[in-house]
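# quick one: sequence and predicted model below, then my questions.
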Amino acid sequence: MINHNVTWHKYSINRNDREIQHKHPAVALWFTGLSGSGKSTIADYLENYLYHMGINTYLLDGDNLRHGLCCDLGFSDVHRKENIRRVGEVVKLMIDAGLIVLTAFIAPYRAERQMVKRLLGEEKFIEIFVDTPLEICEGRDPKGLYEKARRRKLNYFPGVNATYEVPQNPDIHLDGTQSVVTLTNQILALLRNRKIIIS
């Protein structure tokens, strides 16, 4: 809820000015998928590529933000919603700064992803669905979370004891069984097609 005693202050430099300075549009690349699907790996590889192109980026990772900004939140439905709300507000600030923001979050519910899309504006939100079969994600289990969930030592874990709602119309649908290089090239093709990057 917005406090009515607070007034938005408009400054002379805006997002358009920053985009001109950066020489590229600002946009959010929102990676979603099950734990272990490859979101963070692909986002990291893509950011590295964009960085070496001279693109101004920032990568927000779900686990990393839970060490600070969202350290007071658990994994219940209510806390997941608040987690994504906070992330959305951070991404909005980074978009205003003229950055290409990559985010790697399970973000299991369509409603929360749509909330962020409305917050940023449709043209600034690119939903990237990393579609990796559950058995492959669970086989990877880099953090041991699936094992904990199966042993009932971890609740609210999407794919095991909580729901993951598959995106209905993602901007790009990635086959998570393919190589990181192949998937990164698919995203780069989309960014070039939309004139977000040129080279």
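Looks like it came in fine. Numbering: from 1, shown residues only.
# in the helix or strand bottoming out on mean pLDDT in the chain, what's buried?
Taking mean pLDDT, DSSP states H and E as the measure, the chain has helix 62-65 as its least confident helix or strand, at a mean of 82. By 16 or more other CB atoms under 10 Å, the buried positions in helix 62-65 come out as Gly62, Leu65. C-beta coordinates here come from the backbone N, C-alpha and C atoms, glycine included.
# what's the following helix or strand after that helix?
The element immediately downstream of helix 62-65 (helix or strand, assigned by DSSP states H and E) is helix 77-96.
# picking up where we left off before, ok, and what's touching the least confident helix or strand of the chain?
Asn83, Arg86, Val87, Val90, Ala104, Phe105, Ile106 (CB atoms under 8 Å, 6 or more residues apart in numbering).
# which one (most neighbours) among the residues you listed?
Ala104 (26 neighbours; other CB atoms under 10 Å).
# residue ranges in the protein under the pLDDT threshold?
Along the chain, segments meeting pLDDT under 70 span 1-3.
# show me where it has its strands.
27-32, 57-61, 100-104, 125-131, 172-175 (DSSP state E).
# tell me who's in contact with the residue nearest to the spatial centre of the chain.
Closest residue to the average C-alpha location of the chain: Thr103 at 2.7 Å, with CA atoms, centre = their mean. When contacts are counted by CB under 8 Å, 6+ apart, Thr103 is found next to Ala28, Leu29, Trp30, Phe31, Ala43, Leu59, Leu60, Asp61, Val87, Val91.
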